[in-house]
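A.B. asks: predicted model and sequence below, questions to follow.
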Amino acid sequence: MRDFSEAQAVSASLDTMRPKATWTSHITSFAKRKPFGAFGAVVMVLLILIAALAPVISPYDPYRVHVGNKYASPGEVEVKKGGTFLLGSDHLGRDTFSRLIYGSRISLYVGLVSVAIGVTIGSVIGIVSGYFSGKFDLVVQRIVDGFMAFPPLILALTIMAVLGQSLENVIIAVCVVLIPGAARLIRSRVLSLREMDYITAAKAVGCGSGRIMYRHILPNTLATYIVFATITLGWAIIVEASLSFLGLGTPPDVPSWGGMLAVASRQWIEVSPWLVLFPALALSIVVIAFNVLGDSLRDIMDPRLRGTN
């Protein structure tokens, strides 16, 4: 007993000497282990700040027409007031830099809202379907298979053609496209969780199905949910840009990256090639950043991969 007490005392003293982990230490550790993931996180934070502070950092009104400065080159000075078009202007003389800044609001809003709704609904379907299995799971998964049989962009285009052109309908279309993939992924995780001993023990002590799914299944699928949502965020932004590019997304006058690409590539690419370059570059950087962030979070949060990174 004395040796055991001494061991406890030594362990307690070591615990007090060991520095406590803080959120800054976790961020530093993540940045050292996953530099590309840290890059993705920085881009995500910058995108949120740019979208939130768009009225402050935007040099011009994105809808304002400068008749005397059509097709202005990057860095060209405005004719009347002497301001500078940092990234040039379009065929109506609207400042490209300001429209890029406000376009980030559209991309981020559509991406975050559609992913939050679509992935959450898909996860709920996956949890319920995987837990109950049997005939209920069979019916649900055949419906999911039916939606997954359509190419995602074609399905989104069909929904937009039925609902009409608006920002809210874009979010609905992206949500519908995201639900089947989230349901299938979370279901595969639930099928393994429901065979665990602690689930059997919960059933043995009389826990109901709702309590088991909420208290035991759901917390163990959060890591999968977060990683899938992060990776899918970049894809949702691409879908929104694709719909706007094809003329079925946001209205033409609303500044969005896909809409800017559509107008520039169809008519003005030979006159002002930078009108295509800058929106395409913004899309590429954001999507790559979200993808590498999602991959890094998967490597960190998946217990099966922790020992190999």
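C.D. replies: Structure received.

A.B. asks: what sits against residue 254?
C.D. replies: 106, 167 (CB atoms under 8 Å, 6 or more residues apart in numbering). All C-beta atoms are positioned from the backbone trio N, CA, C, and that covers glycine.

A.B. asks: let's go with 7 Å and repeat that
C.D. replies: By CB atoms under 7 Å, 6 or more residues apart in numbering, the residues touching residue 254 are residue 106.

A.B. asks: kindly report the same for residue 250.
C.D. replies: 106, 167, 170, 244, 256, 259.

A.B. asks: residue contacts, the third one?
C.D. replies: Taking CB under 7 Å, 6+ apart, we find residue 170 in contact with 110, 240, 243, 249-250.

A.B. asks: now do the first one
C.D. replies: By CB under 7 Å, 6+ apart, residue 106 lies in contact with 250, 254, 256.

A.B. asks: so it is in which element?
C.D. replies: Using DSSP states H and E, residue 106 sits within helix 96-132.

A.B. asks: following that helix, which helix or strand comes up?
C.D. replies: Defined by DSSP H and E, the subsequent element after helix 96-132 is helix 134-148.

A.B. asks: how about low-confidence regions in the stretch 101-250 of the chain?
C.D. replies: Regions of the stretch 101-250 of the chain meeting the criterion pLDDT under 70 are absent.

A.B. asks: picking up where we left off before, tell me how far the helix holding residue 106 lies from the chain's centre.
C.D. replies: From the chain centre to the centre of helix 96-132 is a distance of 6 Å (CA atoms, centre = their mean, to the nearest Å).

A.B. asks: got the buried residues for stretch 284-296?
C.D. replies: Buried residues in stretch 284-296, counted by 16 or more other CB atoms under 10 Å: 286-287, 289-296.

A.B. asks: among those, which one lies nearest to residue 121?
C.D. replies: residue 294 (19.5 Å; CB to CB).

A.B. asks: rewinding a little: now, which of the buried residues of stretch 284-296 sits nearest residue 206?
C.D. replies: Once CB to CB is applied, the member of the buried residues of stretch 284-296 that ends up nearest residue 206 is residue 294, at 39.1 Å.

A.B. asks: how about that closest one, nearest residue that isn't a chain neighbour?
C.D. replies: The shortest distance from residue 294 to any non-neighbouring residue, by CB to CB, 6 or more residues apart in numbering, is to residue 231 (3.3 Å).

A.B. asks: ditto for residue 242
C.D. replies: Ranked by CB to CB, 6+ apart and with sequence neighbours excluded, the top spatial neighbour of residue 242 is residue 153, at 6.0 Å.

A.B. asks: return the member of the contacts of residue 170 nearest to residue 157.
C.D. replies: Residue 157 lies nearest to residue 243 out of the contacts of residue 170, by CB to CB, at 7.1 Å.

A.B. asks: that closest one in helix, strand or coil?
C.D. replies: helix (DSSP: H, G, I helix; E, B strand; the rest coil).

A.B. asks: contact partners for it?
C.D. replies: Contacts for residue 243 (CB under 7 Å, 6+ apart) come out as 156, 160, 170, 249, 258.

A.B. asks: how much space separates it from residue 150?
C.D. replies: For residue 243, the distance to residue 150 equals 15 Å [CB to CB, to the nearest Å].

A.B. asks: so residue 211 is in which element?
C.D. replies: Applying DSSP H and E as the criterion places residue 211 in helix 209-212.

A.B. asks: chain center to that helix, what's the gap?
C.D. replies: Distance, centroid of helix 209-212 to centroid of chain: 30 Å (CA atoms, centre = their mean).

A.B. asks: which elements pack onto that helix?
C.D. replies: Judged by 3 or more CB pairs under 7 Å, 6 or more residues apart in numbering; DSSP states H and E, helix 209-212 has no packing partners among the helices and strands.

A.B. asks: which residue is nearest the middle of this structure?
C.D. replies: The residue lying closest to the centre of the chain (CA atoms, centre = their mean) is residue 233, at 1.8 Å.

A.B. asks: hmm, residue 70 and residue 272 touching each other?
C.D. replies: No. Using CB atoms under 7 Å, residue 272 makes no contact with residue 70, being 9.0 Å away.

A.B. asks: ok, the two, which is more surrounded?
C.D. replies: residue 272 (20 against 16; other CB atoms under 10 Å).

A.B. asks: so where do the helices sit in the stretch 201-309 of the chain?
C.D. replies: Using DSSP state H, counting those that start in this stretch, the helices of the stretch 201-309 of the chain run over 209-212, 218-245, 257-263, 274-301, 303-306.

A.B. asks: just name the most buried of the ones you listed.
C.D. replies: Between those, helix 257-263 has the highest mean count of neighbours, a mean of 24, where neighbours are mean count of other CB atoms under 10 Å.
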